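Asks: 3D, please:
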Amino acid sequence: MANDYPQELKQPCVLLTGASGQIGVFAIPRLVAAGFRVLAVSRKGRPSNYPLLAEVDWLFPEEAERDCGKCQYLLSAGPVELAENFLKIGHQFLTAVVFSSSSVISKRKSPNPTERVQINNLLDLETRLELIAAERNLKMVIFRPTLIYGCGLDLNITRLAKWADRFGFIPVNRRANGLRQPVHADDLASVALAAMTSEEPLPGKMNLAGGSTLSYLNMIEGVFAALNKPPRTLRIPQSLLSLLVAVLNATGLATGINREMVARQAVDLVFDDQQARQLLEYKPRPFAPSIADLSLPEPVLLKALATSDQTCN
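Replies: As a prediction, the model looks like this:
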């Protein structure tokens with residue numbers, strides 16, 4: 001671990017954005033176990049059931065702007081815009097690990113104009129971060145994870161689970177055989193720590209996939225298994241399911257879903273993460289979710305992680 005931090009600090013300090021998000025909640029105890037002090041930045045503040053840890057200070061973004069000068073490390077597990085903001089004002093950072101998304105690849109040519117704008121904005125942010133890193137000789141890695149699950153805060157696996165729990169079945173595109181690589185948020189937290197503490201040169205960008213490559217239908221079966229329910233899907237022609245999605249959105253029964261999402265159920269979204277596996281010993285778990293992966297982890301588990309000596313996979 002690097003030791004070039006202010007002498008008045010007894011331990012190295014990391015600024016963690018997105019601290020109450022799905023990667024952040026797992027990153028905090030791993031950082032504490034590795035010997036870091038954590039400035040946990042969240043617009044929502046500390047989750048009500050999240051354990052109080054002496055090494056963690058919870059801050060709102062405006063408070064963190066004042067205190068970020070204490071930190072030598074930036075771990076961005078929240079909006080990438082925040083990473084840019086803090087790097088602009090925090091010239092003391094030595095290392096930055098930033099989570100982007102594999103969507104910058106899979107949605108780059110989306111027929112949906114809103115999605116294209118979002119992806120182009122994210123790509124522009126990545127480019128600006130790379131320029132900052134190059135100008136300052138800042139060690140930075142941008143991670144592009146695939147579909148994330150693990151603590152009930154995602155809009156993919158958890159959304160499917162809530163629908164299945166409510167209705168007992170999940171409607172899918174009849175051609176829903178596109179491959180997926182769902183990745184657990186704790187595995188992402190672990191590899192982020194490995195990147196932060198690595199003394200070896202790392203690529204500027206790396207993909208991060210899960211430990212299983214399976215069809216969209218098989219992924220749904222895993223969701224039912226987590227709920228201890230028999231898998232029941234209603235396979236619908238793509239055009240009809242797109243119409244159903246539009247109706248559900250209009251009635252408020254299912255928001256945030258569009259026809260492009262329906263079409264992508266038939267498309268392989270598979271990414272090569274061999275760089276992370278070779279350089280950072282990244283070993284993501286297979287996709288076998290349990291009911292515990294559909295809600296925030298229990299405080300006792302987080303405390304156990306924070307007191308363990310496990311710093312990477």
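
Asks: helix/strand/coil for Arg159?
Replies: helix (DSSP: H, G, I helix; E, B strand; the rest coil).

Asks: that one - how many residues pack around it?
Replies: Arg159 has 16 neighbours, counted by other Cβ atoms under 10 Å. To be clear about C-beta, it is placed using only N, CA and C from the backbone, and glycine gets the same treatment.

Asks: please apply the same query to Cys71.
Replies: Here the number of neighbours of Cys71 (other Cβ under 10 Å) works out to 26.

Asks: and Gly211, how far from Asp273?
Replies: Distance of Gly211 to Asp273, given as Cβ to Cβ, to the nearest Å: 10 Å.

Asks: between these two, what contacts are shared?
Replies: By Cβ atoms under 8 Å, 6 or more residues apart in numbering, Gly211 and Asp273 have these common neighbours: Pro284.

Asks: so which of those two has more stuff around it?
Replies: Using other Cβ under 10 Å as the criterion, Gly211 and Asp273 rank with Asp273 on top: 24 against 16.

Asks: so that one touches Lys205, yeah?
Replies: No. Between Asp273 and Lys205 there is no contact under Cβ atoms under 8 Å: 11.4 Å.

Asks: how about Glu126, secondary structure?
Replies: Counting by three-state DSSP, the backbone at Glu126 sits in helix.

Asks: I'd like the distance between it and Phe143.
Replies: 11 Å.

Asks: overlap in contacts, these two.
Replies: Joint contacts of Glu126 and Phe143 (Cβ under 8 Å, 6+ apart) are Ser100, Lys205.

Asks: any chance you could map the helices in this structure?
Replies: With DSSP state H as the definition, the chain shows helices at residue ranges 24-33, 61-67, 80-89, 103-106, 113-136, 157-167, 185-197, 216-226, 238-251, 259-264, 274-279, 299-306.

Asks: could I get these as TSV with distance to Asn173 and mean pLDDT?
Replies: As requested, the helices of the chain are exported to TSV (distance: least, Cβ to Cβ, whole Å; pLDDT from 0 to 100):
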stretch	distance to Asn173	mean pLDDT
helix 24-33	31	95
helix 61-67	39	92
helix 80-89	30	95
helix 103-106	16	94
helix 113-136	17	95
helix 157-167	13	94
helix 185-197	26	97
helix 216-226	8	97
helix 238-251	5	87
helix 259-264	5	91
helix 274-279	30	97
helix 299-306	36	72
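
Asks: export these to CSV and append columns for distance to Ala40.
Replies: Formatted as CSV, those follow (distance: least, Cβ to Cβ, whole Å):
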stretch, distance to Ala40
helix 24-33, 6
helix 61-67, 9
helix 80-89, 13
helix 103-106, 25
helix 113-136, 21
helix 157-167, 22
helix 185-197, 13
helix 216-226, 28
helix 238-251, 34
helix 259-264, 32
helix 274-279, 24
helix 299-306, 12
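
Asks: what's the closest of the ones you listed to Arg175?
Replies: Of all the helices of the chain, it is helix 238-251 that lies closest to Arg175, at 6.5 Å by Cβ to Cβ.

Asks: which elements pack onto the closest one?
Replies: In terms of contacts (3 or more Cβ pairs under 8 Å, 6 or more residues apart in numbering; DSSP states H and E), helix 238-251 is packed against strand 170-173, helix 259-264.

Asks: what's the burial count for Gly256?
Replies: Gly256: 8 surrounding residues under other Cβ under 10 Å.

Asks: hmm, it is touching Leu155, no?
Replies: Yes. Under the criterion of Cβ under 8 Å, Gly256 makes contact with Leu155 at 6.3 Å.

Asks: name the single longest strand found in this protein.
Replies: Looking across the chain with DSSP state E, the single longest strand is strand 139-145.

Asks: that older thread, quick one, which of the helices and strands packed on helix 238-251 is nearest to Met219?
Replies: strand 170-173 (10.2 Å).

Asks: neighbouring strands - and their directions - for the closest one?
Replies: Using DSSP bridges, strand 170-173 pairs in its sheet with strand 233-236 (parallel).

Asks: so how far is the strand it pairs with off the chain centroid?
Replies: On the basis of Cα atoms, centre = their mean, to the nearest Å, strand 233-236 sits 29 Å off its chain's mean C-alpha point.

Asks: contacting residues around that strand?
Replies: Phe169, Ile170, Pro171, Val172, Asn173, Arg174, Ala176, Leu217, Ile220, Leu244.

Asks: circling back to that earlier point, among the helices of the chain, which is nearest Ile291?
Replies: Closest approach to Ile291 among those (Cβ to Cβ): helix 216-226, 5.6 Å.

Asks: quick one: buried residues of that closest one?
Replies: By neighbour count on 16 or more other Cβ atoms under 10 Å, the buried set for helix 216-226 is Tyr216, Leu217, Asn218, Met219, Ile220, Glu221, Gly222, Val223, Phe224, Ala226.

Asks: ok, stretch 180-199 next?
Replies: If you call a residue buried by 16+ other Cβ under 10 Å, then stretch 180-199 has these buried ones: 180-198.
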